[in-house]
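Visitor: What follows is a predicted protein model with its sequence.
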Amino acid sequence: QVQLVASGGGLVQPGGSLRLSCAASGFTLDNYAIGWFRQAPGKEREGVSCISSNDGSTTYADSVKGRFAISRDNAKNTVYLQMNSLKPEDTAVYYCAAGRICSSFRYWGQGTQVTVSS
């Protein structure tokens, strides 16, 4: 059974850090592009970051550039999103997704809540 599990969310103060994990079962993540998305209450889902399957190139939304970093650990079949210098506007449910390319995703995880508040 193909499954993506996002974890690592929580409550953090502004300026703090969190590392989200996206673990796959039923398929090998390194054959797929992996994207992170987020959706805040009352807002549309937005793409945060993506790492490609072929050359490992990465992309980031302008709002997170310089603060977030996406990476793979193929041995653990897991992709991470390191989030630093968190801001209240980063508060959202974060989802990971897998697809052949960064513009098309087939499998979605269940989401993990990130709350940035003092």
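Guide: Looks like it arrived, so ask away.
Visitor: Only C-alpha atoms from now on, for both contacts and neighbour counts.
Guide: OK.
Visitor: Just the element for the most centrally placed residue in the chain, please.
Guide: The centroid of the chain falls nearest to Trp36 when counting by C-alpha atoms, centre = their mean (3.0 Å). For Trp36, the element it lies in under DSSP states H and E is strand 33-39.
Visitor: Spell out which strands sit alongside the helix or strand just after that strand in the sheet and which way each one runs.
Guide: Going down the chain from strand 33-39, the next helix or strand is strand 46-51, by DSSP H and E. Partners of strand 46-51 in the sheet, by DSSP bridges, are strand 33-39 (antiparallel), strand 58-60 (antiparallel).
Visitor: which of these is buried the deepest?
Guide: Among these, strand 33-39 has the highest mean neighbour count (mean count of other C-alpha atoms under 10 Å), at a mean of 24.
Visitor: related to what we said a few turns ago, wait, the residue nearest to the centre of the chain sits on Cys96?
Guide: Yes. Between Trp36 and Cys96 there is a contact at 4.5 Å, judged by C-alpha atoms under 8 Å.
Visitor: Other residues contacting the strand holding Trp36?
Guide: 45-53, 79, 81, 92-102, 105 (C-alpha atoms under 8 Å, 6 or more residues apart in numbering).
Visitor: Tell me where this protein has helices.
Guide: Using DSSP state H, no helices are found in the chain.
Visitor: one step back: may I see the strands paired with strand 46-51 organised as TSV, with distance to Ser118 and mean pLDDT added?
Guide: As requested, the strands paired with strand 46-51 are exported to TSV (distance: least, C-alpha to C-alpha, whole Å; pLDDT from 0 to 100):
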stretch	distance to Ser118	mean pLDDT
strand 33-39	20	97
strand 58-60	26	97
